[in-house]
Each structure stands twice: as C-alpha cells, then as structure tokens.
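Visitor: predicted model and sequence below, questions to follow.
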Amino acid sequence: NNNNNNNNISNEINELNNKNNSVQVRQILIDAGALHLLLSHIGKFSDTSAVKPMKFSSLIAPFKNQHKNDNALLQLPISVLAEIKSAKAKKKFKFSVRKDFAKGTGYSSYYSSGNTWNYETYMKCANCKIELLGATVQVLASFFETSEETLNQLTISMNDLIELLASSSFIPVLESYLRNDSVMEMLTHKRLYLSLLRICISISKHKQLSIIFNSNNSNNNNNN
C-alpha cells in the first residue's frame, strides 16, 4: 500500500509539473497559504523550532487565521491529503492517568495507571510523525521542481521565498537528518530521506534560492 501511495503521489506531482499552467498551480498554493503551512508542519512533525520564530509566525499568521482546519491544504494532491489524514488518525492514542496520592506527598502527586505510556505506542506515534514529515517534504519539493522563469512569475519574490525558508525550521531539520550516518535508519525511513535529498536537489537548481544552504548565511540570519 505504501508503494502504491508513493507512486500515486509521484504521478500526480509529475502531472502538475508537465502542465502548461505550472505557474497558476503554484500561485494557487501560495494564495491559499499551503506553502507557508507546509513549512509550519515540517517544524511540527519534526518537533523543531523555527530559526526566527517571531518572523516566521508573522509570515504564516494570515494563513493560519484564514484556514484554521487545514483548508489551505485542499489544493494538494488527493492521495497526499488522504495519507496525511490517515497518519493524523493513527496519532490519536488515548492515555489515562490515575491520581493515587494527595498533592505534596511521596515523589509525585500522580501515578500512572500502567496504560499511560508504553514503548509500542510511542514508536507508532514516532513513525507516524516521520511518515507525515516525509509526505510534507515531498510535496514541498515538488513546488520547487520547476524553472527559474516559473518562480519569477509568482507574486512572491525570490527574496521573500528565501526569507520564508530561512526563518522556518526547514534548514535545521535538513541538517539534523542529513548528519545522520546510520544506514539502517535511512533504510528504515527510506521515503523520508529520499524526500529530503529530493528537495535539496530541487532547491539547489535555483541559483538565488541555493543561498539558504550557505552556512555563513544561516549564521548571519540567526544573528539578525
């Protein structure tokens, strides 16, 4: 099933890129706030803070208020939406905590009933987050898989795109996962790592955008 989903996503993304209205499709994603919210979800699914939280929050605030129930993501491929909803459903685990001791006595006021946490549930949750992160990065990568001419026709400028990417958690997430030297983990989460490499390649093909991979530039952004 996972292989079929991956193929469906790839086919839909390729179809978008092969259409003559690639500018229009990307403009819709920007106007709907999907690009901004995808970057926001990358931080959420990876538990990584934005490089410049205040700046990034101000950039995505208008879209968060406009699309409180992820309506902005309606412009994404149907198979991606289905997968995101499925993964979100899997994340809904019920936990119970039983109060056994009066507050201020013993080492804790609360005692876990035994169902509060278990390794299997924790791993399911962690794997769901990784699946969500991989799907989100893959969709984001498709946005940049186009010509420089196409990006220059969008209402968002290159400088604004750079600011959006640089202020989000995008670069820290890339650095964190790509520094990993565990081949076993890469094979376990193959889709995530392929998505990360894919977005690196797609962005690096745009000379202006590739500046975000410059470590000196990142450090300067952090200091500002």
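Guide: That came through, no problem. Numbers count the residues shown, from 1 in each chain.
Visitor: all strands of this structure, in order?
Guide: Counting by DSSP state E, the segments of the chain that form strands are 97-98, 111-112.
Visitor: which secondary element of the protein has the worst mean pLDDT?
Guide: Across the helices and strands of the chain, mean confidence by mean pLDDT, DSSP states H and E is lowest for strand 97-98: a mean of 44.
Visitor: what comes up buried for the top helix by length along the chain?
Guide: In the chain, with assignment by DSSP state H, the single longest helix is helix 119-144. For helix 119-144, burial by neighbour count (16 or more other CB atoms under 10 Å) applies to 128-144. From N, CA and C alone the C-beta is placed, and that goes for glycine too.
Visitor: got it, and stretch 165-179?
Guide: 165-174, 177.
Visitor: would JSON lines of the residues you listed with distance to Cys200 be doable?
Guide: Below are those laid out as JSON lines (distance: CB to CB, whole Å):
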{"residue": "Leu165", "distance to Cys200": "12"}
{"residue": "Ala166", "distance to Cys200": "15"}
{"residue": "Ser167", "distance to Cys200": "19"}
{"residue": "Ser168", "distance to Cys200": "15"}
{"residue": "Ser169", "distance to Cys200": "16"}
{"residue": "Phe170", "distance to Cys200": "11"}
{"residue": "Ile171", "distance to Cys200": "11"}
{"residue": "Pro172", "distance to Cys200": "14"}
{"residue": "Val173", "distance to Cys200": "12"}
{"residue": "Leu174", "distance to Cys200": "7"}
{"residue": "Tyr177", "distance to Cys200": "11"}
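Visitor: now the two most distant members of these.
Guide: Greatest spatial distance among the buried residues of stretch 165-179 (CB to CB): Ser167 and Tyr177, at 19.4 Å.
Visitor: His41 against Thr136, yeah?
Guide: Yes. Using CB atoms under 8 Å, His41 is in contact with Thr136, at 5.1 Å.
Visitor: Lys207 against Glu148, yeah?
Guide: Yes. In terms of CB under 8 Å, Lys207 counts as a neighbour of Glu148; the distance is 7.4 Å.
Visitor: between the two, which has more neighbouring residues?
Guide: Glu148 (13 against 9; other CB atoms under 10 Å).
Visitor: so who does the more buried one touch?
Guide: 206-208 (CB atoms under 8 Å, 6 or more residues apart in numbering).
Visitor: out of those residues, which is nearest to Ile30?
Guide: His206 (15.8 Å).
Visitor: pLDDT value on that closest one, please?
Guide: Looking at His206, its pLDDT is 93.
Visitor: can you tell me how far it is from Thr146?
Guide: 9 Å (CB to CB, to the nearest Å).
Visitor: which of the buried residues of stretch 165-179 fall in helices?
Guide: Going by DSSP H, the helices hold 165-167, 170-174, 177 from the buried residues of stretch 165-179.
Visitor: show me what contacts the closest residue to Ile30 other than its chain neighbours?
Guide: Counting by CB to CB, 6 or more residues apart in numbering, Ile30 lies nearest to Ile156, which is 5.4 Å off, once chain neighbours are set aside. Residues near Ile156 by CB under 8 Å, 6+ apart: 30, 35, 164.
Visitor: ranking the residues you listed by neighbours, who comes first?
Guide: Leu35 (24 neighbours).
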